[in-house]
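> Structure for the following, please:
(chains A and B)
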Amino acid sequence: MIRVALVMHPIDVSALIAEVADVSTGATAVFVGTVRDVNDDKAVSGIDYSAYTVMAEREMLRIAQEAARQFAPLRVVVEHRVGALELGDVSVTIATAHAHRAPAIDGMRFVIEEIKRRVPIWKQERYLDGTREWVGV
Amino acid sequence: MTVTVLLFASFADAFGRSSVEVTVEQGATVADIVDQLSALAPSDRLPPRPLVAVNAEYAEYDVRLNSGDEVALIPPVAGG
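Numbers count the residues shown, from 1 in each chain, chains lettered A, B, ... in the order given. Prediction:
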């Protein structure tokens, strides 16, 4: 079971945990990424996320499929939000479920690391002093 | 042939728009497109070898383009 999505709306973490769980799984691992108030010593007020939507969803699906294969049988649900996010907002949630904890945790870790490495999503941080910067450029 | 190149994030800022039309010879490669765009971009706003996608898949620089292909320049990604 795999589902990935880019969403414009707030991510419902509890719903994703409920979705990924199954009577066959004894372990659910969850990663929740949120907007933090400081980056590189600058006071952050929010982050604007944007994406190459078609490619980002395709790449996220491929990553989830790779995780499902590598840590089989792994259930994977991923939502990444785009748009204007405020401090504390959830930007990404990855929920994985497996019969045992090690593959659930390792699979979750694999998915978030690969998303950061290769999914075409960008963030522009907004700072309290009114300036903005693209992250990673 | 004319190829539309999608620009995102910092690259869209660099060019001041979200896409650009490039005219290249039939059989042109990804490298040819990047060369043209590098000449158009304001200095040091485009890295020497940006990642490129063709039809929403990462592509090597020697890939040949066909008319109607969707090409995109991919700035350093920052998801998560």
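> Neighbours of A:Met8, how many?
A:Met8: 8 surrounding residues under other Cβ atoms under 10 Å in any protein chain shown. In short, each C-beta sits where N, CA and C put it, glycine included.
> does it really touch A:Glu79, like I thought?
No - A:Met8 sits out of contact with A:Glu79 when judged by Cβ atoms under 8 Å, with a separation of 10.8 Å.
> For the most centrally placed residue in chain A, what is the enclosing helix or strand?
Chain A has A:Val92 as the residue nearest its centroid, 3.0 Å off, counting by Cα atoms, centre = their mean. A:Val92 is part of strand A:90-98, with elements assigned from DSSP states H and E.
> Direction included, what does that strand pair against?
Its sheet considered, strand A:90-98 pairs with strand A:27-34 (antiparallel), strand A:75-81 (antiparallel) by DSSP bridges.
> winner for burial among these?
Mean neighbour count (mean count of other Cβ atoms under 10 Å in any protein chain shown) peaks for strand A:75-81 among these, with a mean of 25.
> Chain A contacts on chain B?
B:6, B:8-10, B:13, B:53, B:56-58, B:72, B:74-80 (Cβ under 8 Å from any Cβ of the partner chain).
> 10 Å - rerun?
Proximity of chain B to chain A, by Cβ under 10 Å from any Cβ of the partner chain, involves residues B:6, B:8-14, B:45, B:47, B:51, B:53, B:55-58, B:70, B:72-80.
> Any idea what the residue nearest to the spatial centre of chain B is bridged to?
Averaging the C-alpha coordinates of chain B gives a centre point, and the residue nearest to it by Cα atoms, centre = their mean is B:Leu73 (3.8 Å). For B:Leu73, the beta-bridge partners are B:Leu7, B:Val52 (DSSP bridges).
> Next up, the contacts around it.
Listed by Cβ atoms under 10 Å, 6 or more residues apart in numbering or on different chains, the contact set of B:Leu73 reads A:52, B:5-9, B:11-12, B:14-15, B:20, B:33-34, B:37, B:41, B:46-47, B:50-53.
> Now do the buried residues in stretch A:4-22.
Judged by neighbour count using 16 or more other Cβ atoms under 10 Å in any protein chain shown, the buried positions of stretch A:4-22 are A:Val4, A:Leu6, A:Ile11, A:Leu16, A:Ile17, A:Glu19, A:Val20, A:Ala21.
> what's the answer for stretch B:5-20, then?
Neighbour counts over stretch B:5-20 (16+ other Cβ under 10 Å) mark B:Val5, B:Leu6, B:Leu7, B:Phe8, B:Ala9, B:Ser10, B:Phe11, B:Ala12, B:Asp13, B:Ala14, B:Phe15, B:Val20 as buried.
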